[in-house]
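Chemist: Quick check, what structure comes out for this input:
(one chain, ligands or ions: 1)
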Amino acid sequence: MDPKTEHKPHCLILPYPGQGHINPMIEFSKRLAHKGITITFAVPQGALTSSAAGNNIVVETISDGYDSPTARADVDPREHLLSFKKAGPESTSRLIEKLREGGRPVDCVVCDAFMPWGLAVAKSKGLSGAAFFTQASSVNVIYYNVFKGLLKVPVTERETVLPGLPPLAISDLPSFVVDPEKYPGALELLVGQFEGVEDSHFMFVNSVYELEEEANDWMKKSISVKTIGPAIPSIYLDKRLQDDTNYGLSMFKPDDTCMKWLQQRSPKSVIYVSFGSMAKLEKHEMEELATALKLTGKHFLWVVRSSEVSKLPENFSDEASGKGLIVSWCSQLEVLAHDAIGCFVTHCGWNSTLEALSLGVPMVGVPWWSDQAMNAKFVMDVWKVGVKACPNEEGVVGHEELVSCVKHVMEGERAGEMRENARKWKELAKGAVDEGGSSDKNIQDFISTLMGGAMSQK
Ligand code: UDP
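Modeler: Below you'll find the model as predicted:
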């Protein structure tokens, strides 16, 4: 037997412990496992409330310096990353040793680009490494230009023109390149994602080549970019991974009343509202949203995380009970896939955006920070599957604007066209991960390289 075919390569996957990072990296891991790669998925101790990854994936723990959910709960993300950077490398090295001693030697470390120290650990252990980016390729173009000194921050020009991207207004750019001082450390973190990437064999991006062709083509001139998305459970796309029905690793507990409630609504009638796992709206922003939802007269399902509930207007939950359901977390994919959903009012986090594109749901983008404004710009002007809400002079998206956006997307003149575009992207997303699709080919390329042992250190 050819000795190369006997060896089953082993990847150690290191996600940043945020829901929007764990989700795509676990799905990528499942795709690799399905194609015969051994996977160890390492997360900080206590970061998960459920760890049923299944699909032959072994979940291990490493240290981010906190080691308990309560210790981590109120930590500033920047402090957390610094602590992880301090504690992570040593504990990851120990894990690699433990796996080697247990007869499961690691061949390649795939680390979240938020943690470039993972590439350094791989190198120090003589292993190959690859970085995994959880934002859009177009956003990567921005940060890569900053990394190379080609885009000066803070950006003050009215319009930014970069290769591979449409012209971008200031309000379309990631907030960290416009106002870096407001978010200490954030720009450094996001630009730092490229540390060591030019020296690694692959840079994985949770996107679809065809969604962002120009951006991907431009990046490919410098780095071996592999789009591998949408990294969402196979059941919603190609259905080739039979057990892959949900992400499986959750930091929050979903409320299971949603599906029963949706079941009672007519097709395309419900507004689904969620701002992801991190956004913290101001009280008055919540009030605008609550007023808008009431004024639309439509049914709505609103995810308000328990840490945000106190910002809801008094008695709103009771008053809304006939029309709306408020939950602290839901299984978002199940919700988006439900026929009753007519539009998604979203902060345009990249996962939520990609999930809505993959499930053919039109969006109202209400970006909060980071890359969300840019994702919302693409939703409206490039993919044409929704609108981006406009804030007023005080920077707040008012209830009138919200009502108008929702009506535009659900019943406006262009609603049919947006729905048709959404349907088109849904097909494209499925095709990308299906056999022979662009993402499937990229995953296969990586595996062939691993199998062939050609990924020795660069
Ligand atoms: N999500 C979920 N239930 C919710 C809200 C969000 O499962 O009630 C998931 C959503 O499907 C997505 C992730 O949490 O995969 C949020 O990632 P995103 O990049 O959209 O936003 P972030 O939380 O990073 O701001």
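Chemist: Show the backbone phi and psi for the residue with the shortest distance to the centre of the chain.
Modeler: What sits nearest the mean C-alpha location of the chain, by CA atoms, centre = their mean, is Asn351, with 3.1 Å. In terms of degrees, to the nearest 10, the main-chain angles of Asn351 are phi -60, psi -50.
Chemist: again, but for Gly342
Modeler: Dihedral angles of Gly342 (phi, psi; degrees, to the nearest 10) stand at phi -100, psi -30.
Chemist: Output the set of residues of the stretch 1-150 of the chain in proximity to the ligand.
Modeler: Gly18, Gln19, Gly20, Asn23 (CB under 6 Å from any ligand atom). In short, each C-beta sits where N, CA and C put it, glycine included.
Chemist: If we ignore the residues flanking it in sequence, what's nearest the first one?
Modeler: With CB to CB, 6 or more residues apart in numbering as the measure, Ser277 is the residue that lies nearest to Gly18, at 6.6 Å, once sequence neighbours are left out.
Chemist: Just say helix, strand or coil for Thr353.
Modeler: Here Thr353 is helix, with the state taken from DSSP: H, G, I helix; E, B strand; the rest coil.
Chemist: count of neighbours near it?
Modeler: A total of 26 residues lie near Thr353 under the criterion other CB atoms under 10 Å.
Chemist: Glu427 too?
Modeler: By other CB under 10 Å, the residues close to Glu427 number 11.
Chemist: Could you check how far the residue nearest to Leu357 when sequence neighbours are not counted is from Ala131?
Modeler: Leaving out its chain neighbours, the residue that sits closest to Leu357 by CB to CB, 6+ apart is Trp425, at 4.6 Å. To Ala131, Trp425 is 26 Å away according to CB to CB, to the nearest Å.
Chemist: The two: who's more crowded?
Modeler: Each of Trp425 and Ala131 has its neighbours counted (other CB under 10 Å); Ala131 has more, 25 against 22.
Chemist: so the more buried one touches Glu198, yeah?
Modeler: No. Ala131 sits out of contact with Glu198 when judged by CB atoms under 8 Å, with a separation of 10.2 Å.
Chemist: Low-confidence regions, the stretch 301-450 of the chain specifically.
Modeler: Within the stretch 301-450 of the chain, not a single segment meets pLDDT under 70.
Chemist: Burial check on the closest residue to the ligand within it, number of neighbours?
Modeler: Of all residues in the stretch 301-450 of the chain, the one sitting closest to the ligand is Gly349 (2.4 Å; CB to the nearest ligand atom). Using other CB under 10 Å, Gly349 is surrounded by 26 other residues.
Chemist: Identify the residue nearest it in space, chain neighbours excluded?
Modeler: That would be Gly276: by CB to CB, 6+ apart, it lies 4.2 Å from Gly349.
Chemist: what does Val225 give?
Modeler: Met219 (4.6 Å).
Chemist: Contact partners for the residue nearest to Gly18?
Modeler: Shown here is Ser277, whose contacts under the criterion CB atoms under 8 Å, 6 or more residues apart in numbering are Gly18, Gln19, Gly20, Met251, Phe252, Arg305, Gly349.
Chemist: In a markdown table, list those residues along with secondary structure.
Modeler: Shown next, in a markdown table, are these (three-state DSSP):
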| residue | secondary structure |
| --- | --- |
| Gly18 | coil |
| Gln19 | helix |
| Gly20 | helix |
| Met251 | coil |
| Phe252 | coil |
| Arg305 | coil |
| Gly349 | coil |
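Chemist: If you rank those residues by neighbours, which is first?
Modeler: That'd be Gly349 among those, by other CB under 10 Å, with 26 neighbours.
Chemist: Isn't it up against Trp369?
Modeler: No. With contacts counted by CB under 8 Å, Gly349 stays clear of Trp369, the gap being 10.0 Å.
Chemist: so what's in contact with the two at the same time?
Modeler: Contacts common to Gly349 and Trp369, judged by CB under 8 Å, 6+ apart, are Ala279.
Chemist: quick revisit: confidence score at the closest residue to the residue nearest to the centre of the chain other than its chain neighbours?
Modeler: Among residues not flanking Asn351 along the chain, Gly20 sits closest, at 4.7 Å (CB to CB, 6+ apart). Confidence at Gly20, expressed as pLDDT, is 91.
Chemist: tell me the contacts of Gly20?
Modeler: Thr134, Gly276, Ser277, Met278, Gly349, Trp350, Asn351.
Chemist: Which ones among the residues you listed map onto helices?
Modeler: Trp350, Asn351 (DSSP state H).
Chemist: got a markdown table for the contacts of Gly20, with distance to Trp261 too?
Modeler: As requested, the contacts of Gly20 are arranged in a markdown table below (distance: CB to CB, whole Å):
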| residue | distance to Trp261 |
| --- | --- |
| Thr134 | 30 |
| Gly276 | 21 |
| Ser277 | 22 |
| Met278 | 25 |
| Gly349 | 24 |
| Trp350 | 27 |
| Asn351 | 23 |
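Chemist: With respect to Asp74, which of the contacts of Gly20 is nearest?
Modeler: Set against Asp74, the nearest of these by CB to CB is Met278 (13.4 Å).
Chemist: tell me the pLDDT at that closest one?
Modeler: For Met278, the pLDDT comes out at 90.
Chemist: thinking again about what came up before, who are the neighbours in contact with the residue nearest to Val225?
Modeler: Ser137, Asn140, Val141, Tyr144, Gly164, Met203, Val225.
Chemist: which two of the residues you listed lie the greatest distance from each other?
Modeler: Every pair of the contacts of Met219 checked by CB to CB; the farthest is Gly164 and Met203, at 14.8 Å.
Chemist: who's more crowded, those two?
Modeler: The neighbour comparison of Gly164 against Met203 (other CB under 10 Å) goes to Met203, with 25 against 21.
Chemist: In a helix, the more buried one, correct?
Modeler: No. Under three-state DSSP, Met203 sits outside any helix and is assigned strand.
Chemist: Looks like it contacts Tyr144 (just checking).
Modeler: No. Contact criterion CB under 8 Å: Met203 and Tyr144 do not qualify, at 9.8 Å.
Chemist: Check the gap between the residue nearest to Met25 when sequence neighbours are not counted and Glu210 for me.
Modeler: Nearest residue to Met25 in three dimensions, chain neighbours excluded: Pro15, at 4.0 Å (CB to CB, 6+ apart). Going from Pro15 to Glu210 by CB to CB gives 25 Å.
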